[in-house]
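Engineer: got a sequence here, can you build the structure:
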Amino acid sequence: MPKTLLVALREFKATAMTKAFILAAVLVPVLMIGLAVLGPFLFNPKPPPLAGTIAIIDPAGKLASAAKVEFEPENIKARVRRNVQDQAKTIQDASSMSAADTAEHAQALGKTLRPFDINLRLDQQHQPSDWPSLKAQLQQGTLVAVVTSFDPAATKASTAPDTPTHLYVPSNMNIKHIGLIEDLLQAAAVRAKVNAAGLNVEAVRSLAHAPNPTTIRISKDGGEKTENEGSKAFKMMTPVAFMFLIWIGAFVSANYLLTTTIEEKSNKVMEVLLSAVSPMQLMGGKIIGQALVGLVMVGMYLAMGIAALTAAAIADLIQWQHLLYFALYYVMAYFMIASIMAAIGSAVNELREAQALMTPAMLLLMIPMMLWLPISDSPNGTLATVTSFIPPLIPFVMILRVTGGEAIPLWQIIASMIVGYGSMVAMIWMAAKIFRVGVLMYGKPPSPMELFKWLRYS
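Structural biologist: Predicted coordinates:
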């Protein structure tokens, strides 16, 4: 046992005490959090000023009349102001920002966007026959946009002449400007339809406005927790974040195990190590050493994630049960993947040769990545339940289920632990059999069938 620990310590130092690992495990998460915090200050959302003429081809005149109202300077300012407030409200929902802070943020965001650098004029006196000349003006840059209520290619009026069917803009127009014009045209179309029905536009809009209900979760002890849109989004992404953290942590550390094993074997260092320790002690030490590397990496990312959630005042989305399940399933995932990597690394002489043996295992382990959405949507569905008992998918599927919004039957969690850890022990045993045979074998790499034959060797 002491020799196994010595090998583990050597493996940990050789991997963790390098600049590349420190950059990946420490500086990358710090940089990610820093960008998330400083992003709003570094990113300048202010588009260039929007000024010019928009030509409207509308033989019926209904759309043009409504657009004249919507494109008035005060209405444009009001619409941009509402967009700014919606952005601030979205940030409030995502970060539990107070109403006072939201108002302050909206004011600051409005200054940054400079929403009043917009000066649009409408040219409504056009017929379908004017389309060729208007298109030429658009190409020359003398027009900002051309709106038609008919298809110029068909040169016939739309069945709904009060609805804009085509918006033509220059290829280099700012996407925010296009979005603003589209919003104004949609409002004009609604106004035209309401006017045609003989109704009051503002009254109809007031009646059509439906406020979102406030969702409040009641805990078992009677406590109340208001759930906003931001917390809902974070709650949906929490299971995926846990699964990706397990996947990345296990694969990165296990990949180090694969590469170091191949390097030591190709450089004949393996023979020197085996003169001091047994193959089982060597494999055990390498797996444990890389496990410590994975724990450091996962611990850094997890701590940074919790710190970010705490700063956003939504740390209560992560419960202690989630962390417990994460630890149990991470250990299961790592030792499953590490046993595969150790077996493959001992059986080949070059990294290129390992790709052929790794492909079947990688295809299997990619299944949770492809199925995370249906599993997250239905944690107790047939697909989620069945894949919860298929090794080595168990840890990835189960972390999606237990950290989701639905309660998972306790017997399934216990059964997944039994099947998963039992499979993990079996995979380590098989890896040990292959490692003992392959670690000193050179020449042509074995096929998958030959690896299974090695399992029968004593």
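
Engineer: name the element the closest residue to residue 69 other than its chain neighbours belongs to?
Structural biologist: Closest residue to residue 69 apart from its sequence neighbours, by Cβ to Cβ, 6 or more residues apart in numbering: residue 191 at 6.4 Å. Every C-beta, even on glycine, is put in place using the N, C-alpha and C of the backbone. Per DSSP states H and E, residue 191 falls inside helix 175-196.

Engineer: now for that helix, which elements pack on it?
Structural biologist: strand 50-57, helix 62-70, helix 73-95, strand 166-168, helix 201-208 (3 or more Cβ pairs under 8 Å, 6 or more residues apart in numbering; DSSP states H and E).

Engineer: tell me the buried residues in the first one?
Structural biologist: Right, strand 50-57. Across strand 50-57, burial judged by 16 or more other Cβ atoms under 10 Å covers 50, 54-57.

Engineer: now swap in the shortest one and tell me
Structural biologist: When neighbours are counted by 16+ other Cβ under 10 Å, the buried residues of strand 166-168 are found to be residue 168.

Engineer: counting by contacts, list what that strand packs against.
Structural biologist: strand 145-148, helix 175-196.

Engineer: now swap in the first one and tell me
Structural biologist: With contacts defined as 3+ Cβ pairs under 8 Å, 6+ apart, the secondary structure elements packing on strand 50-57 are helix 62-70, strand 118-123, helix 131-140, strand 145-148, helix 175-196.

Engineer: element containing the closest residue to residue 10 other than its chain neighbours?
Structural biologist: Spatial nearest neighbour of residue 10, chain neighbours left out: residue 289 (6.8 Å); criterion: Cβ to Cβ, 6+ apart. According to DSSP H and E, residue 289 maps onto helix 279-311.

Engineer: state the mean pLDDT of that helix.
Structural biologist: Helix 279-311 shows a mean pLDDT of 83.

Engineer: ok, residue 396 touching residue 244?
Structural biologist: No: counting by Cβ atoms under 8 Å, residue 396 does not reach residue 244; the two are 9.4 Å apart.

Engineer: what residue of this protein is the furthest out?
Structural biologist: Distance from the C-alpha centroid of the chain peaks at residue 129, with 49.1 Å (Cα atoms, centre = their mean).

Engineer: how much space between that residue and residue 59?
Structural biologist: 10 Å (Cβ to Cβ, to the nearest Å).

Engineer: repeat for residue 384
Structural biologist: 57 Å.

Engineer: neighbour-wise, which of the two wins?
Structural biologist: residue 384 (23 against 16; other Cβ atoms under 10 Å).

Engineer: what helix or strand does the more buried one sit in?
Structural biologist: Here residue 384 is assigned to helix 382-387, by DSSP H and E.

Engineer: next SSE downstream of that helix?
Structural biologist: Next helix or strand after helix 382-387 toward the C-terminus (DSSP H and E): helix 394-402.

Engineer: out of the helices and strands packed on strand 166-168, flag the one nearest residue 10.
Structural biologist: helix 175-196 (54.5 Å; Cβ to Cβ).

Engineer: now that closest one: buried residues?
Structural biologist: For helix 175-196, by 16+ other Cβ under 10 Å, it's 176-177, 180-181, 183-185, 187-195.

Engineer: if we can go back for a sec, from residue 15, how far out is the residue nearest to residue 10?
Structural biologist: From residue 289 to residue 15 the distance is 7 Å (Cβ to Cβ).

Engineer: who has more neighbours, these two?
Structural biologist: residue 289 (27 against 22).

Engineer: my guess is that one meets residue 9, correct?
Structural biologist: Yes: contact criterion Cβ under 8 Å: residue 289 and residue 9 qualify, at 6.8 Å.

Engineer: show the end-to-end separation of stretch 263-274, please.
Structural biologist: 15 Å (Cα to Cα, to the nearest Å).

Engineer: please begin residue numbering at 52 from this point
Structural biologist: Sure, I'll start counting at 52 from here, so that last one is stretch 314-325.

Engineer: buried residues in that stretch?
Structural biologist: Residues of stretch 314-325 classed as buried by neighbour count (16+ other Cβ under 10 Å): 315-316, 321, 324.

Engineer: one step back: hmm, who's touching the helix holding residue 435?
Structural biologist: 418-419, 422, 425-426, 429, 444, 448, 451-452, 463 (Cβ atoms under 8 Å, 6 or more residues apart in numbering).

Engineer: for those, give me a markdown table that also has pLDDT and distance to residue 223.
Structural biologist: As requested, the contacts of helix 433-438 are exported to a markdown table (pLDDT from 0 to 100; distance: Cβ to Cβ, whole Å):
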| residue | pLDDT | distance to residue 223 |
| --- | --- | --- |
| 418 | 85 | 44 |
| 419 | 82 | 43 |
| 422 | 85 | 42 |
| 425 | 88 | 41 |
| 426 | 88 | 43 |
| 429 | 86 | 45 |
| 444 | 91 | 48 |
| 448 | 93 | 47 |
| 451 | 91 | 44 |
| 452 | 91 | 48 |
| 463 | 93 | 56 |
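
Engineer: are any of those buried, and which?
Structural biologist: The neighbour-count criterion (16+ other Cβ under 10 Å) marks 419, 422, 426, 444, 448, 451-452, 463 among those as buried.

Engineer: hang on, the earlier thing: distance between the helix holding residue 435 and the chain's centre?
Structural biologist: 23 Å (Cα atoms, centre = their mean, to the nearest Å).

Engineer: equivalent analysis for stretch 413-432, please.
Structural biologist: Using Cα atoms, centre = their mean, the offset of stretch 413-432 from its chain centre is 15 Å.

Engineer: buried stuff in that stretch?
Structural biologist: Within stretch 413-432, judged by 16+ other Cβ under 10 Å, the buried ones are 416, 419, 422-423, 426-427, 430.

Engineer: out of those residues, which comes closest to residue 375?
Structural biologist: residue 430 (17.7 Å).

Engineer: which other helices and strands contact the lengthiest helix in the chain?
Structural biologist: With secondary structure taken from DSSP state H, the chain has its longest helix at helix 280-317. With contacts taken as 3+ Cβ pairs under 8 Å, 6+ apart, helix 280-317 sits against helix 53-67, helix 124-146, helix 320-325, helix 330-362, helix 371-398, helix 402-416, helix 418-428, helix 445-453.

Engineer: deepest of these, which one?
Structural biologist: Across the helices and strands packed on helix 280-317, averaging neighbours per residue (mean count of other Cβ atoms under 10 Å) puts helix 445-453 on top, at a mean of 27.

Engineer: what is the orientation angle of that helix with helix 371-398?
Structural biologist: Computed by axes from the mean of the first three to the mean of the last three Cα atoms, to 10 degrees, the angle separating helix 445-453 from helix 371-398 equals 160 degrees.

Engineer: quick one: contacts of helix 445-453?
Structural biologist: Contacts of helix 445-453 (Cβ under 8 Å, 6+ apart): 290-291, 293-294, 297-298, 372-373, 376-377, 380-381, 383-384, 387, 416, 419, 422-423, 426-427, 430-431, 435, 438-439, 459, 464, 467, 470-471, 474.
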